[in-house]
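[1] fold the following, please.
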Amino acid sequence: MFRNLLMNKRRQAFSCRLMRRWRRPVLRPILLPRLIMLSLLITMTVGLHPAASQTMLLPERVPGDTVITSVIPTAAYASDIGLMGALALSRYREHPLYHPFKSLTALRLRASTKAYLELRVIYEHTETLGKPVRSRWVMNAERHPYDSYFGLGNRTPYDSQRWDDEYYFYDVMRIGLSWEGRRTVFRPDNSRATLGVTGYTGIRYEQPVKNQDNFINDDWPIGISGGWTNRLGLGLIWENRDSEFAATRGNRFMLSGKWTPPFLLSDYPMAIVEADVRQFATIPFPWIRPVLAMRVAGAHAFGTVPYWDMPYLGDERTLRGYPIYRFRGDASLFYNVELRTWLYEHSYFEIKFGIHGFHDGGRVFTGEDRFRDILSDYHRTFGGGIALALFSPDFIVRFDAGFSDEMMRLYMNIGYMF
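    Next up is the predicted model:
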């Protein structure tokens, strides 16, 4: 009992000292905030502690955007357009949450000593209006005083003297603006493959300049008076490559249709169906490990088709070695085979140098051809070139030389042919 009385007196004495200190104006503002904070901590810890499933964790730190800009001045020569200078600008915005990039802006300006002018602007982004829709905008304007026309069919004649006399050439001006969107609708588990739906809309105006001393005015094909071809399109695309820019394995399939209806103020109501199949494989050869790239593609047009929208062969995207638009028809079928390899790489500056060889083949069809002709009468070309990857594995500058039975052609472009 004596011990209890002693403890009570000590507690009373401590309480009195605390109350005297509390009444001091200096200590009051110091203790009050501490007591409030202590009460809040106890309340949050005991009364409002969430269940484990409701606990919010801080996200891991994700690096921000990486911007890679490249400006490449180049020069080339082709007999039909003369000495050409080009300026290619590319700007990639990369982010770990977007594949293969967040956005791409590219500008290409080309001019030649024979008054050829071209401006092409491309803007592509992998998210549109907050939706997982990949969009690609293309604006182009071109003045080509030496565009070529050789007639319609798979065996149109070619005369070297008329080529030198510029009989196959004509002057044309064209402008265009297009949008293409793509959305993934199916992705297998644990796979890089995707199945996507594509949409397309675009406007195009073409106006050839009348000249009585060339073949196109003697032949007078549909579209010689110029006009608009404004179109809508839909398609499917299967993508299973390990890279869109320099694939080493995988495959890709595309099927699309485009329509130029009169209600879009098109001067030529028509439709065109296109298909494109690509396959890539790495050959296990020591040191260089070349890549075998293969492609088969074709198109068929229906309706009132102007000559410039007819399926064709002969340029850096179809048959390298023939002049541009060498063969035109109602349908086309062609293939490309390339063997590519990188020979040198500087990892610090992200520069690579490589070479490639190729073989192209194909033909066009008109109403005079029969189905059995699909495996005969192909035009074939051979050639090779070099490739440079500058500051990014996705930015590739390509130089090609193609050889046909009629002539040799030189090409410079951004990216592999396919």
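[2] what about Leu129, distance to Gly250?
    According to Cβ to Cβ, to the nearest Å, Leu129 stands 30 Å off from Gly250. For every residue, glycine as well, the C-beta is placed using N, CA and C.
[3] show me which of these two is the more surrounded one.
    Counted by other Cβ atoms under 10 Å, Leu129 and Gly250 do not tie: Gly250 has more neighbours, with 16 against 6.
[4] who's in contact with the more buried one?
    By Cβ atoms under 8 Å, 6 or more residues apart in numbering, the contact set of Gly250 is Arg192, Asn240, Arg241, Asp242, Phe280.
[5] repeat that for Gly202.
    Contacts of Gly202 by Cβ under 8 Å, 6+ apart are Gly176, Leu177, Ser178, Trp179, Asn230, Arg231.
[6] pull the CA atoms of the helix or strand where it lies into PDB?
    Using DSSP states H and E, Gly202 sits within strand 194-209. Extracted C-alpha coordinates of strand 194-209, given in PDB (Å, rounded to 0.1, in the frame of the first residue of the first chain):
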ATOM      1  CA  THR A 194       0.000  -9.800 -84.600                       C
ATOM      2  CA  LEU A 195      -3.100  -9.700 -86.900                       C
ATOM      3  CA  GLY A 196      -4.200  -6.200 -87.700                       C
ATOM      4  CA  VAL A 197      -6.900  -4.400 -89.500                       C
ATOM      5  CA  THR A 198      -5.900  -1.500 -91.800                       C
ATOM      6  CA  GLY A 199      -7.900   1.500 -93.000                       C
ATOM      7  CA  TYR A 200      -6.900   3.900 -95.800                       C
ATOM      8  CA  THR A 201      -8.000   7.200 -97.200                       C
ATOM      9  CA  GLY A 202      -6.300   9.500 -99.600                       C
ATOM     10  CA  ILE A 203      -6.500  12.100-102.300                       C
ATOM     11  CA  ARG A 204      -4.300  12.300-105.400                       C
ATOM     12  CA  TYR A 205      -4.200  14.600-108.400                       C
ATOM     13  CA  GLU A 206      -2.100  14.000-111.500                       C
ATOM     14  CA  GLN A 207      -1.800  16.200-114.500                       C
ATOM     15  CA  PRO A 208       0.400  15.300-117.500                       C
ATOM     16  CA  VAL A 209       1.600  18.100-119.700                       C
END
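[7] okay, buried residues for that strand please.
    The neighbour-count check on strand 194-209 (16 or more other Cβ atoms under 10 Å) flags Thr194, Gly196, Thr198, Gly199, Tyr200, Gly202, Arg204, Glu206, Pro208 as buried.
[8] spit out the contact partners of the residue lying closest to Gly415 once chain neighbours are set aside.
    Closest residue to Gly415 apart from its sequence neighbours, by Cβ to Cβ, 6 or more residues apart in numbering: Ile396 at 5.3 Å. Contact analysis of Ile396 by Cβ under 8 Å, 6+ apart lists Phe245, Ala246, Ala387, Leu388, Ala389, Leu390, Ile414, Gly415, Tyr416.
[9] so of these, which two are at opposite extremes in space?
    Leu390 and Tyr416 (14.1 Å; Cβ to Cβ).
[10] neighbours of the nearest residue to Thr366 once chain neighbours are set aside, just the number please.
    Using Cβ to Cβ, 6+ apart and skipping the chain neighbours, the partner closest in space to Thr366 is Gly329 (4.7 Å). The local packing of Gly329 (other Cβ under 10 Å) involves 25 other residues.
[11] do the same with the one 10 residues further on
    Counted with other Cβ under 10 Å, the neighbours of Leu339 add up to 15.
[12] quickly find the element holding it.
    strand 331-346.
[13] sheet partners, orientation included, of that strand?
    Counting by DSSP bridges, the strands paired with strand 331-346 are strand 291-303 (antiparallel), strand 351-365 (antiparallel).
[14] who are the packing partners of the helix or strand that comes right after the last one?
    Put plainly, it is strand 351-365. The C-terminal neighbour of strand 351-365 among helices and strands, as given by DSSP H and E, is strand 379-390. If you count contacts as 3 or more Cβ pairs under 8 Å, 6 or more residues apart in numbering; DSSP states H and E, strand 379-390 packs onto strand 331-346, strand 351-365, strand 396-403.
[15] just list the residues touching Pro262, thanks.
    Shown in contact with Pro262 (Cβ under 8 Å, 6+ apart): Pro269.
[16] an error on my part: the question was meant for Gly199.
    Glu180, Gly181, Arg182, Gly233, Leu234, Gly235.
[17] ok, and for the lengthiest strand in the chain, which residues are buried?
    Longest strand in the chain, counting residues (DSSP state E): strand 169-186. Neighbour-count burial for strand 169-186 flags Phe169, Tyr170, Asp171, Val172, Met173, Arg174, Gly176, Leu177, Ser178, Glu180, Gly181, Arg182 (criterion: 16+ other Cβ under 10 Å).
[18] beta-bridge partners for Leu388, please?
    Phe353, Val397.
[19] now do the SS call for Gln161.
    helix (DSSP: H, G, I helix; E, B strand; the rest coil).
[20] quick one: it from Ser256, how far?
    For Gln161, the distance to Ser256 - Cβ to Cβ - is 41 Å.
[21] compare neighbour counts for those two and give me the winner.
    The residue with more neighbours, out of Gln161 and Ser256, is Ser256; 19 against 7, by other Cβ under 10 Å.
[22] how is this structure partitioned into domains?
    According to automatic domain parsing, the chain comprises the domains 1-30, 66-414.
[23] and the last one, how far out from the chain's middle?
    The one in question is domain 66-414. Computed by Cα atoms, centre = their mean, to the nearest Å, the chain-centroid distance of domain 66-414 equals 11 Å.
[24] end-to-end on that domain?
    21 Å (Cα to Cα, to the nearest Å).
[25] sorry, back to before: reformat the contacts of Gly202 as a markdown table; add distance to Phe186 and pLDDT.
    Shown next, in a markdown table, are the contacts of Gly202 (distance: Cβ to Cβ, whole Å; pLDDT from 0 to 100):
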| residue | distance to Phe186 | pLDDT |
| --- | --- | --- |
| Gly176 | 32 | 97 |
| Leu177 | 31 | 98 |
| Ser178 | 26 | 97 |
| Trp179 | 23 | 97 |
| Asn230 | 31 | 97 |
| Arg231 | 26 | 96 |
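[26] put together TSV for these, with distance to Gly383 on each row.
    Shown next, in TSV, are the contacts of Gly202 (distance: Cβ to Cβ, whole Å):
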residue	distance to Gly383
Gly176	29
Leu177	33
Ser178	30
Trp179	34
Asn230	36
Arg231	33
